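[1] coords please:
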Amino acid sequence: MNRIECLFEKWAELSSEAEMAILVYDAGKRKEGMAQFKHIWQMFQKIFAAEEDRISLEEAYLDTMNMVLNRMYLELEETEGDEALWDFCNQVCDLFRPNEIWREDYAVCIGRLLQKQGKPDECDRWFSACL
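    The predicted structure is shown next:
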């Protein structure tokens with residue numbers, strides 16, 4: 001099995017886990033679903049840290065990972081403090097290219113948190129870097 005086939009196989013396994021976690025979360029078992037989302041996110045970052053590995057998946061991961069990340073973001077925003085949200089949004093923005101996923105919400109969240117901390121200059125630099 002070549003590298004690309006191996007990556008597709010790993011994504012297929014992770015995708016199945018993600019789809020189940022989404023069902024669990026959407027069925028109202030938010031804690032259980034969130035625990036699964038965190039595991040999936042950690043594994044995704046580990047397995048697909050290299051941009052070329054994600055590119056080799058030919059965008060197969062986009063819809064599923066967008067759903068997972070969106071639910072994680074909303075849950076963290078609702079139940080966790082600013083630090084957890086900051087860490088999560090930073091991880092998303094560090095891993096993905098701007099055109100790879102819909103990451104604007106994560107970038108805006110970081111800007112909002114910088115403003116909240118009274119760091120308008122850092123916020124401006126952050127948004128300039130995001131462009």
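
[2] so what does the helix or strand hosting Thr64 touch, helix or strand wise?
    Here Thr64 sits within helix 62-79, counting by DSSP states H and E. Secondary-structure packing of helix 62-79 (3 or more C-beta pairs under 8 Å, 6 or more residues apart in numbering; DSSP states H and E): helix 3-26, helix 30-47, helix 82-95, helix 104-116. Glycine gets a C-beta too; all of them are placed from N, C-alpha and C.

[3] out of the ones you listed, which comes closest to Leu69?
    helix 82-95 (6.1 Å; C-beta to C-beta).

[4] in that closest one, which residues are buried?
    By neighbour count with 16 or more other C-beta atoms under 10 Å, helix 82-95 contains the buried residues 85-86, 88-89, 92-93, 95.

[5] name the nearest of the residues you listed relative to Tyr61.
    Nearest member of the buried residues of helix 82-95 to Tyr61, counting by C-beta to C-beta, is Leu95, at 11.6 Å.

[6] the closest residue to the closest one other than its chain neighbours: neighbour count?
    Residue nearest to Leu95 in three dimensions, not counting chain neighbours: Gln45, with 6.1 Å by C-beta to C-beta, 6 or more residues apart in numbering. By other C-beta atoms under 10 Å, 13 other residues sit near Gln45.
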